[in-house]
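> Sequence first, predicted model second:
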Amino acid sequence: MENKKVVTIHQPNFLPWIGLIHKVFQSDAFIYLTDVKYSASNFQNKTYIQGADGKESRLTVPIQKKPDMLHEKLISYHPPNQKWKRNHLQQILDVYKKAPHFQDFFPLLEEVYQKEHVLLVDLNVHLIELILHYLNYEGETHLSTDFDTNVGKTERLVSLLQQTGGTCYLSGKSGGAYLEEELFQQENIEIVYQDFLHPVYEARNGKECIKNVSILDWMMYHPADQIKATLMKGKSS
């Protein structure tokens, strides 16, 4: 019997929340969907971490207004945005410097921030790849722009699955509202919807974590192997 290959596809968000990384670890291959329109309502250039006051605090990557496509979106380094990288790192340092695993990950994060990324997508992919490597993701990753894709939301997904040898598409919970499931069925591709329950972990000062912030928060307080084991639970083979 042919082995099942689970593929998931998602836009590369900035320092993403746990739910996106969970979806990647539940898959054998992850495709960064980059050739789509930038959306200010999504988390393509912003994320949340724990703030000094114990509440959510937003980190934002400043971007230029044009062009509109995500894979062409330019980071802004013009005044008053020339110090955004320094500000991000200082905010992370102030909040997490006493966390048990701060020294394991923060120096690696600093290295990424020291790069002069021109495109937002390059920064986001670089950060996600760092997270996946740190957590020892054993699957493969691709960029959607590396493939020929069809027009149409579902047609594009089916095409990407076929070109990566996928036999099962792992969709987010909201996928059922727009996916044309019959197009997958015609190509003998199974659809599975993500079953994600946000982990509850001990964070700052022994308090319960704030949900829906960047996975960076979890990584600061708990070891990589423990996080990976949680992300892998229930993965279909």
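Nice, thanks for sending it over.
> Tell me if I'm right that Thr8 and Phe25 touch.
No. Using CB atoms under 8 Å, Thr8 makes no contact with Phe25, being 9.6 Å away. All C-beta atoms are positioned from the backbone trio N, CA, C, and that covers glycine.
> would you list every one of the strands in this protein?
6-10, 29-32, 46-50, 56-60, 140-143, 168-171, 190-193 (DSSP state E).
> in this protein, what spans have low per-residue confidence?
1-2, 150, 237 (pLDDT under 70).
> Which elements pack onto the biggest helix by length in it?
With secondary structure taken from DSSP state H, the chain has its longest helix at helix 120-134. Here helix 120-134 touches helix 18-25, strand 29-32, helix 102-113, strand 140-143, helix 215-221, going by 3 or more CB pairs under 8 Å, 6 or more residues apart in numbering; DSSP states H and E.
> quick one: contacts of the last one?
Applying CB atoms under 8 Å, 6 or more residues apart in numbering, the external contacts of helix 215-221 come out as 15-18, 21, 47, 49-50, 92, 96, 99-102, 105, 109, 131, 134-135, 199, 201-204, 209-210, 227.
> Buried ones among these?
15-18, 21, 47, 49-50, 92, 96, 99, 101-102, 105, 109, 131, 134-135, 203-204, 209-210, 227 (16 or more other CB atoms under 10 Å).
> next one: the longest helix of the chain to chain centre, how far?
Distance of helix 120-134 from the chain centroid (CA atoms, centre = their mean, to the nearest Å) equals 8 Å.
> hmm, back to that, so Thr8 and Phe25 - more neighbours on which side?
When neighbours are counted by other CB atoms under 10 Å, Thr8 comes out ahead of the other of Thr8 and Phe25, with 26 against 22.
> check contacts around that one.
By CB under 8 Å, 6+ apart, the contact set of Thr8 is 23-24, 26-27, 29-31, 169-171.
> Need those in CSV (columns: distance to Val121).
CSV is the format used below for these (distance: CB to CB, whole Å):
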residue, distance to Val121
Lys23, 18
Val24, 17
Gln26, 23
Ser27, 20
Ala29, 19
Phe30, 15
Ile31, 13
Tyr169, 22
Leu170, 22
Ser171, 22
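> which one of those is nearest Lys153?
Nearest to Lys153 among these: Ser171, at 11.6 Å, using CB to CB.
> quick one: the residue lying closest to the closest one once chain neighbours are set aside from Glu181, how far?
Nearest residue to Ser171 in three dimensions, chain neighbours excluded: Tyr193, at 5.4 Å (CB to CB, 6 or more residues apart in numbering). Tyr193 sits 11 Å away from Glu181, going by CB to CB, to the nearest Å.
> How about Lys73?
Counting by CB to CB, the gap from Lys73 to Glu181 is 31 Å.
> now swap in Ala224 and tell me
For Ala224 relative to Glu181 (CB to CB), the value is 36 Å.
> now Thr8
From Thr8 across to Glu181, the span is 16 Å (CB to CB).
> And for Arg86?
47 Å.
> higher neighbour count, these two?
Glu181 (14 against 10).
> give me the beta-bridge partners of Ser214?
Note on Ser214: beta-bridge partners Trp17, judged by DSSP bridges.
> Check whether it really touches Gln50, as I assumed.
No. When contacts are counted by CB under 8 Å, Ser214 is not listed as touching Gln50 (9.1 Å).
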